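J.: Structure here, sequence nowhere to be found:
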């Protein structure tokens, strides 16, 4: 009765609104949704107890049939006892009673119940039965009919097929309402059961309409429940992770939305012939999204890993590992791609001599490219050993232009005048200075160059521009050295399959002796040539660095170019300029500014290249420059420590002295590293 009442209330409400052309408010739509879920909840409750009801069903029918059969038998006996001559109507009643008793003794099918109703009509129309007995028989028959057709009555009372005709536009509203109130998530399965009823009726009458209804309902379920839930879960995970990464001032205002966990915790749902596991769908969406976003930005792999852990802790979602690399891909940058933009490469990348690696200068990008010997070997394996010669040719052309700029700078009248001045000073006072070039003279040269004005394109002073020129040349030479090392590594990896390098057999000779096919002989010749090439490159190799020095040394004889003779005198000023700029670049690391760097050994290699190229190793060693720097910085540090120890000074002055001391110690460390790099170059 309750199911019939709820169904009639919902039908009446929808039909009246359609008849009056009135809109259904959201609150009333929520009430209708509760009616649908209540009907299917009643039906599900009965079905869940169907096994228990099946045990008592035969006993209940037998009890009712026995009571009704006894009444028919008593009526038959009463007529036979009170009437000697039976009339036609009495015979009809007796026959109906006998038939009813016989029917009640067998299975109570719908056909038998119909015949029983006809027998009861015959008995009730005659005047041989009391009204009280007729009412009792009618009540027993109704009870028997109810028990016998119990399942059909439940299905009829809880049928929601009227949704297709009267409430098709309400289905998205019903689904959205449950999504907006996750605490009612347990009603979603009942609502999906209600949406299934119209399809069952439409399949029998309108197959096309059934297909359209199925597509619209599935689309509404995806759009109103599955897709919003996936997006909201992703957004919630992102906000939680970003809230931990951002500073308190940069945090967005907190948002308190409903907890979607009840929707995630639902068991698998069924709509039509489709199964929907909401937790599985959300997990698949997050897996796909995190994988795609990680491939686009590998530097965010850690962030998405934290989001996966949070999804497991907060929602119980088990996400799969993306199995993507967390740093640089194995292949790395290609050598040919680097050579196409060698001017940009030597300007933007910093060389590390000890680790044999190039690191991109910090900029606006979140990731920094690196190039190591492994990447060079991969490129050689891809393109062949011929790219080594191509690389050297390109670097040679690049160095030709840069060395021209080098000579042009030293040949400038203003620079040459300052340089010759220092050159003459050193030649005249070296004995007095104990053969150590003074720090003050190098610092003064820096100041004199600054007085010449800024360099073009906002590159600082002319000495800054000259230092960058030497660094770019050193980076190019460092790349040549890495190409040679990469070639040796490639050859070592390729030749490791040859068991004995000292005794390699000739495959072409053996195939010819065995009289194999011409194609096999040609393949053997190619194999012999490959093995010979690998063995030669592995055992000998080519020192491209010395090769380039030998080529340029002939054209840059200091005797033929007087402007190059005092070059070694500008090295002290260059090193001070380099240390100043390098310390500034290291300070930018903590501030995450553009131009930050932690290594720049290209300057040391470029400096060593030109000292060797101009054959001025002896002259530069005569300066004893690094010993002079060590002595000067030690005296400065001792003086500052003495001031800190002996005199009482204001707090501001003490902080200034401490900062000066730390600055001097940083100078000493960086000069030591420059000395080691210069010596190793």
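T.: Okay, I see it. What you see is a predicted model, and the numbers here were worked out from it, not measured in a lab.
J.: Give me the buried positions along stretch 310-321.
T.: 310-311, 314-315, 317, 319 (16 or more other CB atoms under 10 Å). Yep, even glycine has a C-beta here, placed from its N, CA and C like the rest.
J.: From the opening residue of it to its closing one, how far?
T.: Counting by CA to CA, to the nearest Å, you get 14 Å between the two ends of stretch 310-321.
J.: gap between that stretch and the chain center?
T.: Mean-position distance between stretch 310-321 and its chain equals 15 Å (CA atoms, centre = their mean, to the nearest Å).
J.: tell me, how many neighbours does residue 662 end up with?
T.: Neighbours of residue 662 under the rule other CB atoms under 10 Å: 11.
J.: can you tell me which helix or strand it belongs to?
T.: helix 651-680 (DSSP states H and E).
J.: Now that helix: buried residues?
T.: Across helix 651-680, burial judged by 16+ other CB under 10 Å covers 657, 660-661, 664, 666-668, 670-671, 673-675, 677-678.
J.: so what does that helix touch, helix or strand wise?
T.: Here helix 651-680 touches helix 567-591, helix 602-613, helix 625-646, going by 3 or more CB pairs under 8 Å, 6 or more residues apart in numbering; DSSP states H and E.
J.: Greatest separation within the buried residues of stretch 310-321: which pair is it?
T.: The distance between the two most remote of these (CB to CB) is 12.2 Å, for 314 and 319.
J.: what packs against the helix or strand that contains residue 194?
T.: Taking DSSP H and E as the criterion, residue 194 maps to helix 188-205. On a contact count with 3+ CB pairs under 8 Å, 6+ apart, helix 188-205 meets helix 26-48, helix 162-166, helix 171-180, helix 207-221, strand 269-271.
J.: How about the backbone phi and psi for the closest residue to residue 603 other than its chain neighbours?
T.: Of all residues not flanking residue 603 in the chain, residue 471 sits nearest, at 4.4 Å (CB to CB, 6 or more residues apart in numbering). Main-chain dihedrals, residue 471, degrees, to the nearest 10: phi -60, psi -40.
J.: And residue 349, by the same measure?
T.: Dihedral angles of residue 349 (phi, psi; degrees, to the nearest 10) stand at phi -110, psi 150.
J.: following the helix or strand containing residue 482, which helix or strand comes up?
T.: Under DSSP H and E, the secondary-structure element containing residue 482 is helix 462-495. Sequence order places helix 507-513 as the next helix or strand after helix 462-495, per DSSP H and E.
J.: Please spell out which residues along that next one are buried.
T.: Judged by neighbour count using 16+ other CB under 10 Å, the buried positions of helix 507-513 are 507-508, 511.
J.: go on, stretch 581-595?
T.: Per 16+ other CB under 10 Å, stretch 581-595 contains these buried residues: 581-582, 585-586.
J.: show me the contacts for the residue most central in space within the chain.
T.: Residue closest to the mean C-alpha point of the chain, counted by CA atoms, centre = their mean, is residue 294 at 2.8 Å. By CB atoms under 8 Å, 6 or more residues apart in numbering, the contact set of residue 294 is 300-301, 304, 322, 324.
J.: Residue 146 - nearest residue in space that isn't next to it in sequence?
T.: Per CB to CB, 6+ apart, closest to residue 146 is residue 153, 6.5 Å.
J.: that's a helix at the one you found, yeah?
T.: Yes. Residue 153 sits within a helix when classified using DSSP: H, G, I helix; E, B strand; the rest coil.
J.: wouldn't it be in contact with residue 142 here?
T.: No. Using CB atoms under 8 Å, residue 153 makes no contact with residue 142, being 11.4 Å away.
J.: where does residue 355 land in three-state SS?
T.: Relying on three-state DSSP, one would call residue 355 coil.
J.: show me the contacts for the residue nearest to it when sequence neighbours are not counted.
T.: Computed as CB to CB, 6+ apart, the closest residue to residue 355 that is not its neighbour in sequence is residue 372, at 7.7 Å. Counting by CB under 8 Å, 6+ apart, residue 372 makes contact with 332, 355-358, 482.
J.: Residue 94 now?
T.: Residues near residue 94 by CB under 8 Å, 6+ apart: 76, 79-80, 86.
J.: Out of those, which end up buried?
T.: 76, 79.
J.: Restricted to helices, list the contacts of residue 94.
T.: Counting by DSSP state H, the contacts of residue 94 place 76, 79-80 in helices.
J.: Tell me the one among those residues nearest to residue 616.
T.: For the ones in helices among the contacts of residue 94, the minimum distance to residue 616 (CB to CB) is 139.6 Å, reached by residue 76.
J.: Quick check: chain neighbours aside, which residue is closest to that closest one?
T.: Among residues not flanking residue 76 along the chain, residue 97 sits closest, at 4.0 Å (CB to CB, 6+ apart).
J.: Give me the neighbour count for that neighbour.
T.: 25.
J.: I'd like the next helix or strand past the strand or helix carrying it.
T.: Element membership for residue 97, per DSSP H and E: helix 88-104. On the C-terminal side of helix 88-104, the closest following helix or strand by DSSP H and E is helix 110-125.
J.: Now do that following helix: which elements does it pack against?
T.: Applying 3+ CB pairs under 8 Å, 6+ apart, one finds that helix 110-125 contacts helix 50-82, helix 88-104, helix 131-148.
J.: for it, which positions count as buried?
T.: Buried residues in helix 110-125, counted by 16+ other CB under 10 Å: 112, 116, 119-120, 122-124.
J.: Stretch 61-69 now?
T.: Of the residues in stretch 61-69, those buried under the neighbour-count criterion (16+ other CB under 10 Å) are 61, 64-65, 68-69.
J.: Identify the residues contacting residue 49.
T.: Contacts of residue 49 (CB under 8 Å, 6+ apart): none.
J.: Next one, pLDDT for it please.
T.: With respect to pLDDT, residue 49 has a value of 78.
J.: that older thread, please render the helices and strands packed on helix 651-680 as TSV that adds mean pLDDT to the earlier fields.
T.: Shown next, in TSV, are the helices and strands packed on helix 651-680 (pLDDT from 0 to 100):
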stretch	mean pLDDT
helix 567-591	83
helix 602-613	86
helix 625-646	81
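J.: which stretch among the ones you listed comes nearest residue 197?
T.: Residue 197 sits nearest to helix 567-591 of all the helices and strands packed on helix 651-680, at 66.6 Å, using CB to CB.
J.: okay if I get the helices and strands packed on helix 188-205 as JSON lines plus mean neighbour count?
T.: Listed next are the helices and strands packed on helix 188-205 as JSON lines, based on neighbours: other CB atoms under 10 Å:
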{"stretch": "helix 26-48", "mean neighbour count": "18"}
{"stretch": "helix 162-166", "mean neighbour count": "17"}
{"stretch": "helix 171-180", "mean neighbour count": "20"}
{"stretch": "helix 207-221", "mean neighbour count": "15"}
{"stretch": "strand 269-271", "mean neighbour count": "16"}
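J.: Can you say which of the ones you listed is nearest to residue 454?
T.: Comparing those against residue 454 with CB to CB, the closest turns out to be helix 171-180 (64.1 Å).
J.: Which elements pack onto the closest one?
T.: Using 3+ CB pairs under 8 Å, 6+ apart: helix 171-180 touches helix 26-48, helix 188-205, helix 207-221.
J.: What average pLDDT does that helix get?
T.: pLDDT averaged over helix 171-180 gives 85.
J.: Tell me where the stretch 51-200 of the chain is predicted with low confidence.
T.: 84, 126-129, 164-167 (pLDDT under 70).
J.: nope, the stretch 251-400 of the chain is what I was after
T.: Confidence mapping of the stretch 251-400 of the chain against pLDDT under 70 gives the ranges 251-257, 298-299, 323-332, 363-366.
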